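> turn this into a structure:
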Amino acid sequence: MRELVRTTDPVLISWLEAALRAEGIEPLVLDLHMSVLEGSVALLPRRVMVAGDDFAAARSILSHAPGSPDDG
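Next comes the predicted model:
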């Protein structure tokens, strides 16, 4: 597994999970339940992981995320 992105943005994580799954890539979101420790203030980033074989395709999908520099 390789780390695709580390973010505190729950909207980006949700979008990325859906976009990856639509392309047949199964993401794994780590640190999702850390909000119990931080008090739900989104201080600790979540990590979206993908299989090494899917990393290049996943990076391409990430480049099309809403708000990214490549977003048209």
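
> how about the residue lying closest to L20 once chain neighbours are set aside, what does it touch?
For L20, ignoring the flanking residues on the chain, the nearest one in space by Cβ to Cβ, 6 or more residues apart in numbering is P27 at 4.7 Å. Placement of C-beta: from N, CA and C, glycine included. Going by Cβ atoms under 8 Å, 6 or more residues apart in numbering, P27 touches 4, 16-17, 20-21, 48-50, 58.

> redo that, cut-off 10 Å
1, 4-5, 13, 16-21, 47-51, 54, 58, 61 (Cβ atoms under 10 Å, 6 or more residues apart in numbering).

> what about it, distance to L44?
Distance, P27 to L44, by Cβ to Cβ, to the nearest Å: 18 Å.

> same check on R59?
Distance, R59 to L44, by Cβ to Cβ: 23 Å.

> the lengthiest helix in the chain packs against which elements?
Longest helix in the chain by number of residues (criterion: DSSP state H): helix 10-22. Helix 10-22 sits against strand 2-7, strand 28-30, strand 46-50, helix 55-62, with contacts defined as 3 or more Cβ pairs under 10 Å, 6 or more residues apart in numbering; DSSP states H and E.
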